[in-house]
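S.K.: Below are the sequence and a predicted model for it; my questions follow.
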Amino acid sequence: MIGSVVDQVLGAARGVPPESTQQAVTYPSLFLLVVFGSLVPVVPTGALVSGAAVVAIHQSMPVVPLLAVFGIAALAAFLGDLGLYWLGQRGIGSRNGSRWLERLRERAAPERLAQAKRQLERHGVAVLVVSRLVPAGRIPVMLACLLSRMRTRDFVRGAAPACLAWAGTYQLIGVAGGSLFPEPWEGVAAAVGLTLLLSAVPSVLRRLRRGRGGPAAPH
């Protein structure tokens, strides 16, 4: 799925005139993919936002589409996070748990979950902002919030600024990539490649540590 999404973005941007590049990642598809990627973390949502920002910056009046990409990405991420938290709460409150809660547990390594719990105790909902910006940091912190039975309104207080910061960060990556290359598809390729590389760093580091026989350090 990740490969097909990235290929679609690159294919749509390649050779498309500047005034038509908005079609590369349409607003509805961006919204739906970010919501889906927040619920089921298999879609590279950061790469999509960066790619959409590249597409927007190559238009003759980029301010409006850039604002639209930012707003849509932040809202979609927030709704996705809120939906996943609600589903996780149902699992916490159920005697038999839920598949959503189990998937969250599977994606949160024990050492990362322990680190998230400590950070949550020290900094409260503010840790949600950082978790959205750190690759692979969102799920352990969300699970820690669920296990501590954080109220939904408290989760919302942290998730809202976290999603705004996340959308702004990945949009800046896209703007930087789009500014460096004359063709939209080149900027999309650079932005997508960078975001995918950043997201892969934590997994690579954990595998290297395990290969050396040492315990994986928390992040």
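M.R.: Yep, that arrived. Numbers count the residues shown, from 1 in each chain.

S.K.: Sketch out the low-pLDDT regions of this protein for me.
M.R.: Scanning the chain for pLDDT under 70 picks out 1-25, 95-97, 182-185, 187, 196, 198-219.

S.K.: how about the strands of it, start to end?
M.R.: For the chain, no strands turn up when DSSP state E is the criterion.

S.K.: What residues of the longest helix along the chain count as buried?
M.R.: For the chain, the helix with the greatest residue count under DSSP state H is helix 63-93. Neighbour counts using 16 or more other C-beta atoms under 10 Å place 65-66, 69-70, 72-82, 84-85, 87-89, 91 of helix 63-93 among the buried residues. (Glycine included, C-beta is placed from N, CA and C.)

S.K.: now do stretch 159-172
M.R.: 159-167, 170-171.

S.K.: and of the residues you listed, the nearest to residue 44?
M.R.: residue 170 (10.1 Å; C-beta to C-beta).

S.K.: Distance of that closest one relative to residue 157?
M.R.: Separation of residue 170 from residue 157 (C-beta to C-beta, to the nearest Å): 22 Å.

S.K.: Equivalent analysis for residue 129, please.
M.R.: With C-beta to C-beta as the criterion, residue 129 and residue 157 are 10 Å apart.

S.K.: Settle it for me: which of these two has more neighbours?
M.R.: Applying other C-beta atoms under 10 Å to residue 129 and residue 157 shows that residue 129 carries more neighbours, namely 19 against 16.

S.K.: show me the contacts for that one.
M.R.: 158, 161-162, 165 (C-beta atoms under 8 Å, 6 or more residues apart in numbering).
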